[in-house]
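1. quick one: sequence plus predicted model below, questions after.
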Amino acid sequence: MNLLFLNPAGSSGGAERALLDVMASLAEARPGWRLKLIAAADGALVEEARAMGVGAAVIKFPRAVSQLGDAAAGGPAGDHSNPLAVAGRVAAAAPAIVGYARALRRAIVDCAPDVIHTNGFKMHVLGAWAAPRTTPLVWHLHDYVRARPMMSRLLKAHARRTAAIVANSHSVAGDARRLFGGRATVFAVHNAIDLERFSPAGPALDLDRLAGVPPLGEGGVRVGLIATLARWKGHRTFLRALAALPADSPVRGYVIGGALYETAGSQHALSDLRGYAGALGLNNRIGFTGFVADAPAAIRALDVVVHASTAPEPFGLAIAEAMACGKAVIASAAGGAVELFADGVEALGHPPGDAAELARTIARLAADRDLRARLGAAAAIAARRRFTRERLANELIPIYEGAAGETRARPAI
């Protein structure tokens, strides 16, 4: 099997980490398969793909294409997009889009893949335009399609071009089926994670030094949100929750992550979040580390990991990674996130966007070391059962083989 992956970014966000796990799982399960990657930018994704033996090339997006989208890259965008503005950007970018599609088609023809796996909305559409009609396409959905006004129309128009659609949760799969109807076959396949990297044992970062804040004293509880700065990831909710804690609370919060995507209007600026925290009076009760390459070491440095997405989470890779590291997790209880844990046993859920309830849950965990330990231990066990790369490969291989016509694909679930 000659399998080509197309990705619209070169950085290592959640969708890119999920793609790396796909490639790693297939390389282990099917060492005879030839895996190739074309990314629209250079970066960590390309470097890590090459390190695992995947042939990787970069065909860089023109700036007009990289900034094009429904806003809120990597997640729900409906509340942040202006249809007229989006239409204007599409019209202005049309020549660049056509030129890129031609370059991509030449590269695809040279690769001669049996199946093309597209990762990200832009590549779903560009793949449908650029790939030869005889080459099967598999779209990998990491977001809710119907939340994207422009992309939902484009994808619906091209859905019959796909041999299969893989969604990263049952929640995202349901959303896709409601949009596409009988135009496409949709499979729900949860992401995997690298359980060797994300584990309770290993080094921990000095988050105070990275954030430039004084060392946290004995008895302090480190509570962190690890995410890109996408607007819907709930950074402001997290900061309001920290501000609602009593002044003598032992909690220090950490915002860990940076801006990864180029889509216009998609993210907070770190300076804006710092300003917002200052206006809330958080001062040394909050630290901002910026982007951290060693995510497992950052997670291990925390006592509690908060997932605060204000819109339904398509999957919640940060939740799975924190669980695998044996940490107590507080997660927004909506969308695909609720498929990842047993509430009250392996993590604690809270209503999305509810800063007051999030504050109460943080305070509860900060005051109960034993509860943190019980949740973390149960989470680690669950992660090693649910998020293995072996399971991922076993679910994906029949889909690719079915798309290539080698075997009959399993029925949609």
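-> Received it, and whenever you're ready, just let me know what you need. Residues are numbered from 1 along each chain as shown.
2. where does the prediction get shaky in the chain?
-> 69-89, 260-266, 406-413 (pLDDT under 70).
3. pull the longest helix from it.
-> helix 83-111 (DSSP state H).
4. list the buried residues of it.
-> Going by neighbour count (16 or more other Cβ atoms under 10 Å), the buried part of helix 83-111 is Val86, Arg89, Ala93, Ala96, Ile97, Tyr100, Ala101, Leu104, Arg105, Ala107, Ile108, Cys111. From N, CA and C alone the C-beta is placed, and that goes for glycine too.
5. just the residues you listed now: which is nearest Ala279?
-> Each of these was checked against Ala279 using Cβ to Cβ; the closest is Val86, at 31.0 Å.
6. for stretch 133-153, buried residues please.
-> Buried, per 16+ other Cβ under 10 Å, within stretch 133-153: 135-152.
7. so which of the residues you listed belong to strands?
-> Members of those lying in strands (criterion: DSSP state E): Leu137, Val138, Trp139, His140, Leu141.
8. ok, and what's touching the helix or strand where Tyr400 lies?
-> Per DSSP states H and E, Tyr400 falls inside helix 389-403. Contacts to helix 389-403, defined as Cβ atoms under 8 Å, 6 or more residues apart in numbering, come from residues 1, 3, 21-22, 24-26, 28-30, 115, 117, 136-138, 163-164, 166, 187, 189-192, 194-195, 407-410.
9. how distant is it from the center of its chain?
-> Relative to its parent chain, helix 389-403 has a centroid offset of 20 Å by Cα atoms, centre = their mean, to the nearest Å.
10. quick one, that helix and strand 137-141 angle?
-> Per axes from the mean of the first three to the mean of the last three Cα atoms, to 10 degrees, the angle that helix 389-403 makes with strand 137-141 is 140 degrees.
11. convert the C-alpha atoms of helix 389-403 to CSV, please.
-> The C-alpha trace of helix 389-403 is given here as CSV (Å, rounded to 0.1, in the frame of the first residue of the first chain):
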residue,chain,number,x,y,z
ARG,A,389,-1.6,2.9,18.7
GLU,A,390,-2.2,-0.8,18.1
ARG,A,391,-6.0,-0.2,18.5
LEU,A,392,-5.8,2.8,16.1
ALA,A,393,-4.0,0.7,13.4
ASN,A,394,-6.5,-2.1,13.7
GLU,A,395,-9.4,0.2,13.1
LEU,A,396,-7.7,2.2,10.3
ILE,A,397,-6.2,-0.5,8.2
PRO,A,398,-9.5,-2.0,7.0
ILE,A,399,-10.7,1.5,6.0
TYR,A,400,-7.6,2.1,3.8
GLU,A,401,-7.8,-1.4,2.3
GLY,A,402,-11.5,-1.0,1.6
ALA,A,403,-10.8,2.4,0.0
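12. right, and Ala377 touches Cys325 too?
-> No - Ala377 lies out of contact with Cys325 (Cβ atoms under 8 Å); the separation is 11.6 Å.
13. so for these two, which residue has more residues nearby?
-> Cys325 (29 against 14; other Cβ atoms under 10 Å).
14. which residues touch that one?
-> Phe198, Ser199, Pro200, Pro296, Ile299, Arg300, Ala380.
15. please redo it, this time with the cut-off set to 7 Å
-> The neighbours of Cys325, taking Cβ atoms under 7 Å, 6 or more residues apart in numbering as the test, are Phe198, Ser199, Pro200, Pro296, Ile299, Arg300.
16. with respect to Gly281, which of those residues is nearest?
-> Ile299 (27.4 Å).
17. mind listing the strands for the chain?
-> Under DSSP E, the chain gives strands at 2-7, 34-39, 55-58, 115-119, 137-141, 162-167, 186-188, 221-226, 251-256, 286-290, 304-306, 328-332, 348-350.
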